[in-house]
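Participant: Here is a sequence together with a model predicted from it:
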Amino acid sequence: MISRLTRDARVNLLICSGHTLSHFYILCLPTMFIAWQKTFGVPFAVLGISVAVMSGTTAIVQTPIGFLVDRYGARGFLIGGTLVMTLSIAAMGLATQFWQIVVLAMLSGLGNAVFHPADYAILSGSVSSEKMGRSFALHTFTGHVGFASAPPVTAALTLLFGWRATLLIVGLVGIPVVFAIIWQSRILSDQKRVAKPAGAPSSTRMLFSRSIMLFFGFFMTSSMAGAGVQSWLITVLHSTHGLTIEAASSALTAFMVGTMSGVLVGGWVADRTDRHFSFVLALTLVGSALMLVVNLASLPQAVMVATLFVTGHLIGASRTPRDVMVKDAAPPGEIGKVFGFVSAGLALGGAIMPVPYGMLIDAGRPDLVLTLVAMLWLASLLFAGSARAGARVEPIPAPAE
């Protein structure tokens, strides 16, 4: 008999391994751009299509896959999606023309789209409720690990073996993960399915209900703010505070490391309180204030780096309680489609904001970028608070007698 603790650990290991791969594959493509430009002779702007197609496909199909996960179960989609994703990345190493890379990027994005709806559905059904916050935190943390490890790992492998062998290697690494999920699939339980009460809204109406749409806005505005930090912090600190590129890069690294460590703390806290919005509110308010301090004050370099680490830690710690709030708002048996839908807000927010931030810099106002980041974090609190209130006033109708 498998102990509850051992079972939870095994479930987390399986789910988080796939989630790490999904984020790793997203950021392994930009490392290939220089080699692809030499091999295929296409402009860099065209090379960016590969990343745009992968991310765009994921954003578009996440919600439909969420519906399928809730109807047919998550395990099959998790296995199939992971397999499609890994084989697509490996096949890029065999491409002879760039259009083949784009097609394979689309297929990889299709496989990647299963993770948020399937992972959260399985974690909600498999992990003991008292450890749910930490489980969600570990899931988010391992995604960040995939992002952080992709550029250095793929760059080192490319230097050693060339880009074709690198993509074959990193792609085929996912095959053992697929076999492990199949082998251990008996411990991956789906969320509990319940019959819809009489008078309950349809799934589509539920997604477009006030509370779920507000959670979508919460995720989107948070991502819009994050895009400003990830894409432009180095440029902004160099332009407004005179930091060298190396020092500004260290500041960005400090923020990202702080975010990763904060995610784990947020999971621990989420399991020990049900006042999730109060926690998110306090952390986001302080994090926004610190970002304004970084932007407006003339801080010594070491103090600025430390402040950005703390800022990232606070924002990262707010993410797991945010995810738990969404899980609690989702009707029973519909977690997959809800997370698929609101997670599309993350992709949308990340896609629409880099250009407006760049326009501010081109207009000679780089000082407004971090101010806008802080304002968007604060705006996300309006969505979160309204979504939480909306979830309380939209109860699921009781079954008819």
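Facilitator: Right, received. Where do you want to start?
Participant: how about the helices in the stretch 151-300 of the chain?
Facilitator: Using DSSP state H, counting those that start in this stretch, the helices of the stretch 151-300 of the chain run over residues 163-172, 174-183, 203-207, 210-241, 245-270, 276-296.
Participant: What of the stretch 301-401 of the chain?
Facilitator: 301-317, 319-329, 335-352, 354-362, 367-393.
Participant: Including mean neighbour count and mean pLDDT, could the ones you listed go into TSV?
Facilitator: Where C-beta positions appear, they are placed from N, C-alpha and C, glycine not excepted. Converted to TSV, the helices of the stretch 301-401 of the chain look like this (neighbours: other Cβ atoms under 10 Å; pLDDT from 0 to 100):
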stretch	mean neighbour count	mean pLDDT
helix 301-317	21	95
helix 319-329	23	88
helix 335-352	23	84
helix 354-362	14	85
helix 367-393	19	84
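Participant: and of those helices, who's closest to Ile187?
Facilitator: Closest approach to Ile187 among these is made by helix 335-352 (18.4 Å; Cβ to Cβ).
Participant: Next, the angle helix 367-393 makes with that closest one.
Facilitator: With axes from the mean of the first three to the mean of the last three Cα atoms, to 10 degrees defining the directions, helix 335-352 sits at 160 degrees from helix 367-393.
Participant: What helices and strands are in contact with helix 335-352?
Facilitator: helix 44-72, helix 115-126, helix 203-207, helix 210-241, helix 319-329 (3 or more Cβ pairs under 8 Å, 6 or more residues apart in numbering; DSSP states H and E).
Participant: tell me the most buried of those helices?
Facilitator: helix 115-126 (a mean of 27; mean count of other Cβ atoms under 10 Å).
Participant: Residues in contact with it: which ones?
Facilitator: Contact with helix 115-126 is made by 7-8, 11-12, 15, 18-19, 22, 62, 65-66, 69-70, 74-75, 77-78, 81, 132, 135-136, 139, 187-192, 323, 327, 335-337, 339-340, 343, as judged by Cβ atoms under 8 Å, 6 or more residues apart in numbering.
Participant: domain assignment for the chain?
Facilitator: 4-187, 203-392 (automatic domain parsing).
Participant: if I look at Asp190, how far off is Leu157?
Facilitator: 36 Å (Cβ to Cβ, to the nearest Å).
Participant: rank the helices and strands packed on helix 335-352 by mean pLDDT and give me the bottom one.
Facilitator: Among those, helix 203-207 has the lowest mean pLDDT, at a mean of 79.
Participant: still on that earlier bit, I'd like the helices of the stretch 301-401 of the chain as JSON lines, with distance to Met106 appended.
Facilitator: Output for these, formatted as JSON lines (distance: least, Cβ to Cβ, whole Å):
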{"stretch": "helix 301-317", "distance to Met106": "31"}
{"stretch": "helix 319-329", "distance to Met106": "27"}
{"stretch": "helix 335-352", "distance to Met106": "15"}
{"stretch": "helix 354-362", "distance to Met106": "21"}
{"stretch": "helix 367-393", "distance to Met106": "30"}
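Participant: Nearest to Ser128, out of those helices?
Facilitator: helix 319-329 (14.1 Å).
Participant: now the angle between helix 210-241 and that closest one, please.
Facilitator: Going by the same axes, to 10 degrees, helix 319-329 makes 170 degrees with helix 210-241.
Participant: Dump helix 319-329 to PDB, keeping only the CA atoms.
Facilitator: The C-alpha trace of helix 319-329 is given here as PDB (Å, rounded to 0.1, in the frame of the first residue of the first chain):
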ATOM      1  CA  ARG A 319       1.200  33.300  -7.600                       C
ATOM      2  CA  THR A 320       0.300  30.100  -5.800                       C
ATOM      3  CA  PRO A 321      -2.500  31.700  -3.700                       C
ATOM      4  CA  ARG A 322      -3.800  33.200  -7.000                       C
ATOM      5  CA  ASP A 323      -3.900  29.700  -8.500                       C
ATOM      6  CA  VAL A 324      -5.700  28.300  -5.500                       C
ATOM      7  CA  MET A 325      -8.300  31.100  -5.700                       C
ATOM      8  CA  VAL A 326      -9.000  30.000  -9.300                       C
ATOM      9  CA  LYS A 327      -9.300  26.300  -8.300                       C
ATOM     10  CA  ASP A 328     -11.700  27.200  -5.500                       C
ATOM     11  CA  ALA A 329     -13.800  29.300  -7.900                       C
END
